[in-house]
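K.L.:
One predicted model, sequence on top.
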Amino acid sequence: MKKLFAVAMLGALALSAALMADANHPTGTRGLLLIDKMGGTIRFFDPATFKERSSIAVATRPHDFVLTPDRKTAYVPLYGDGIFGRNPNPGHEVVIVDMETAKVVASIDVSPYRAPHGIQIGPDGTIYVASDLDHRLLVIDPKARKMTKAIDTGGTTHWIGILPNGSKIYATNKNDPFITVVNLKTGTVANKIDVPGGTEGIAVSPDGKRVVVMTHTNPGLAVIDPATDTIVDRIAIQNQNGGGAYKAYFSPDGKRLLTMNLGSSVINIFNAADLHAPQRTAVVGKDPMGFAFSADGKTALSANHGDGSVSVIDLEKGQVVQQFQAGTGIETLTFY
């Protein structure tokens, strides 16, 4: 009995260590967090039954989130009442959510900067958020609950990706022909990587060895080597029916890369160890915008922003096995 208990404890510790490894690739078994952009609501669902537990209405539309490594706190930027390029009343807050009570406990005002959007957390707990209207990367001290710095990225930064060691952030610029590389130790722009036509979503591999960016021109993946900040590979996304490249996500275990394209309900599943290997595709709901991954690595969820649905994907089979409704239009989500 003692031996079985010891084995169980080791398994639990291994799972706990895996969950804590990189806060920007979250997963877990306690719950499901969904950012309902179209409904202006933060939602909490049961991770097994996919039934809603509770929700929080916020002042203006949220788009993204980040969790602390212990999954006890979420930071959710409030973007505004519109979308990129058409956001007449931009927000200026990042709300702090207690994940245990499912309540907003405070907010951080990032004024005068507007439209906080893509967000990441560093290994020391520092929060970074993009302000696309003001071309800034905002640095937030979560203990003091205030913005400490605003770094000029030189472009319309919408999404950001941080290396796991916290040394650099890569910022995609939707309307500008380059990716901005920010040295977080100096707080300055270290490099600009030329990408004609602009860039969209970004995904940093859990091991920090690759940065994958969705490109507008010849829609597909550009793979960056963070050791040299150069594009070392390009991969076309198959069977997209003319959709434009949008977002990419690595699974927390690093085994898979999932992508979605604007204007298409097709998602692509890549073998992350060999991005040139045959791609599998699955048809999900309308306008997919975000992915979540189960702790066992077997299941992904696709948030289908266009019809308020979430598709459940069996990653081994590459098939949608279930679909459920969740609010008005979820953009991002995660198991925790």
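P.N.:
Perfect, thanks for sending it. Numbering: from 1, shown residues only.

K.L.:
Moving along the chain from the helix or strand bottoming out on mean pLDDT in the chain, name the first helix or strand you hit.
P.N.:
Sorted by mean pLDDT, DSSP states H and E, the helices and strands of the chain end with helix 2-20, the least confident at a mean of 41. Sequence order places strand 32-36 as the next helix or strand after helix 2-20, per DSSP states H and E.

K.L.:
wait, isn't G285 in contact with L301?
P.N.:
No - counting by Cβ atoms under 8 Å, L301 is not a contact partner of G285; they are 10.9 Å apart. Using the backbone N, CA and C atoms, a C-beta is placed for each residue, glycine as well.

K.L.:
Next, show the common contact partners of those two.
P.N.:
310-311 (Cβ atoms under 8 Å, 6 or more residues apart in numbering).

K.L.:
These two - which one has more neighbours?
P.N.:
L301 (27 against 19; other Cβ atoms under 10 Å).

K.L.:
Can you spell out which helices and strands pack onto whichever strand or helix holds that one?
P.N.:
Assessed by DSSP H and E, L301 sits inside strand 299-304. When contacts are defined as 3 or more Cβ pairs under 8 Å, 6 or more residues apart in numbering; DSSP states H and E, strand 299-304 sits against strand 256-262, strand 288-293, strand 309-314, strand 330-335.

K.L.:
Apply 7 Å and report the result again.
P.N.:
strand 288-293, strand 309-314, strand 330-335 (3 or more Cβ pairs under 7 Å, 6 or more residues apart in numbering; DSSP states H and E).

K.L.:
Run a quick neighbour tally on A292.
P.N.:
Neighbours around A292, by other Cβ under 10 Å: 26.

K.L.:
picking up where we left off before, export the helices and strands packed on strand 299-304 to CSV and append columns for distance to D253 and mean pLDDT.
P.N.:
CSV is the format used below for these (distance: least, Cβ to Cβ, whole Å; pLDDT from 0 to 100):
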stretch, distance to D253, mean pLDDT
strand 288-293, 8, 97
strand 309-314, 15, 98
strand 330-335, 13, 98
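
K.L.:
Tell me which of those strands approaches W159 most closely.
P.N.:
strand 330-335 (10.8 Å; Cβ to Cβ).

K.L.:
For the closest one, which strands pair with it and how are they oriented?
P.N.:
Strand 330-335 has its sheet partners listed here by DSSP bridges as strand 32-36 (antiparallel).

K.L.:
how big is the angle separating the partner strand from strand 299-304?
P.N.:
10 degrees (axes from the mean of the first three to the mean of the last three Cα atoms, to 10 degrees).

K.L.:
Quick check: buried residues in strand 32-36?
P.N.:
Judged by neighbour count (16 or more other Cβ atoms under 10 Å), strand 32-36 contains these buried residues: 32-36.

K.L.:
Beyond it, next helix or strand please.
P.N.:
strand 41-45.

K.L.:
Just the residues contacting the helix or strand just after that following strand, thanks.
P.N.:
Counting by DSSP H and E, the element after strand 41-45 in chain order, helix or strand, is strand 52-57. By Cβ atoms under 7 Å, 6 or more residues apart in numbering, the residues outside strand 52-57 that reach it are 40-46, 97, 102-104.

K.L.:
same check, this time on stretch 33-41
P.N.:
42-45, 55-58, 60-65, 74, 76, 303, 305, 326-334, 336.

K.L.:
low pLDDT regions in the chain?
P.N.:
1-21, 241-243 (pLDDT under 70).

K.L.:
what about the strand holding L301, distance to the chain center?
P.N.:
From the chain centre to the centre of strand 299-304 is a distance of 13 Å (Cα atoms, centre = their mean, to the nearest Å).

K.L.:
Specify the angle between that strand and strand 41-45 in degrees.
P.N.:
Using the same axes, to 10 degrees: strand 299-304 against strand 41-45 is 150 degrees.

K.L.:
quick one: strands adjacent to strand 299-304?
P.N.:
strand 288-293 (antiparallel), strand 309-314 (antiparallel).

K.L.:
Next, format the ones you listed as TSV and append distance to T186.
P.N.:
Formatted as TSV, these follow (distance: least, Cβ to Cβ, whole Å):
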stretch	distance to T186
strand 288-293	32
strand 309-314	41
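
K.L.:
Return the most buried member of those strands.
P.N.:
Mean neighbour count (mean count of other Cβ atoms under 10 Å) peaks for strand 288-293 among the strands paired with strand 299-304, with a mean of 26.

K.L.:
Please enumerate residues in contact with it?
P.N.:
Residues contacting strand 288-293 (Cβ under 7 Å, 6+ apart): 27, 247, 249, 251-252, 258, 260, 265, 267, 300-305, 330-335.

K.L.:
If we use 6 Å, what do you get?
P.N.:
With contact meaning Cβ atoms under 6 Å, 6 or more residues apart in numbering, strand 288-293 is reached by 27, 249, 251-252, 258, 260, 267, 300-305, 331-335.

K.L.:
And for stretch 88-101?
P.N.:
Counting by Cβ under 6 Å, 6+ apart, residues outside stretch 88-101 touching it are 60, 72, 74-82, 104-111, 114-116, 133.
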